[in-house]
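[1] with the input below, show me the fold.
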Amino acid sequence: MRISTLPAQKIKISQSLSEKLQKIFQGVIYALTRGHELQVWRKKDRNGNAYWQAFDPKTRRSTSLSSEAEMRIWIEQRYYNSD
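    Okay, here's the model as predicted:
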C-alpha cells in the first residue's frame with residue numbers, strides 16, 4: 001500500500017483557509033453576542049509578538065497593551081477606580 005503525501009504548499013493553503021474561516025466564524029459569533037461588556041482579546045503582530053487589545057462599547061474607547069499584566073491594570077483602573 002502506497003501512502004501519498006500532500007505537498008507542503010497545499011498544507012499551508014489548507015491551514016491558511018482554516019485560519020480565515022475561524023476568524024469569520026469568530027466575527028459572526030461576536031456580531032451576534034456583542035453587548036455593552038468590555039471586550040478583550042490577544043493578538044500577534046507580524047513578527048509573532050503577542051499583545052492585548054480591549055474595547056469598551058459604552059465609552060467607545062480602546063487600548064492596545066503589550067502584556068496581560070498591563071491589561072489587568074488598565075481594566076482595574078477603568079472599572080474599579082472609576083467610582
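[2] now for the one helix or strand F55 maps to, which elements pack on it?
    For F55, the element it lies in under DSSP states H and E is strand 50-56. When contacts are defined as 3 or more C-beta pairs under 8 Å, 6 or more residues apart in numbering; DSSP states H and E, strand 50-56 packs onto strand 39-44, strand 61-65, helix 68-75. Backbone N, C-alpha and C define where each C-beta goes, glycine included.
[3] packing partners for the longest one?
    In other words, helix 68-75. Identification of packing neighbours for helix 68-75 by 3+ C-beta pairs under 8 Å, 6+ apart yields strand 39-44, strand 50-56, strand 61-65.
[4] by mean pLDDT, which helix or strand of the protein comes out lowest?
    For the chain, using mean pLDDT, DSSP states H and E, the weakest element among its helices and strands is helix 8-33, scoring a mean of 74.
[5] which segments of the chain make up each domain?
    With domains defined by automatic domain parsing, the chain comprises 8-35, 38-83.
[6] those into a markdown table, with extra columns for mean neighbour count?
    Rendered in a markdown table, the data for the domains of the chain read as follows (neighbours: other C-beta atoms under 10 Å):
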| stretch | mean neighbour count |
| --- | --- |
| domain 8-35 | 10 |
| domain 38-83 | 12 |
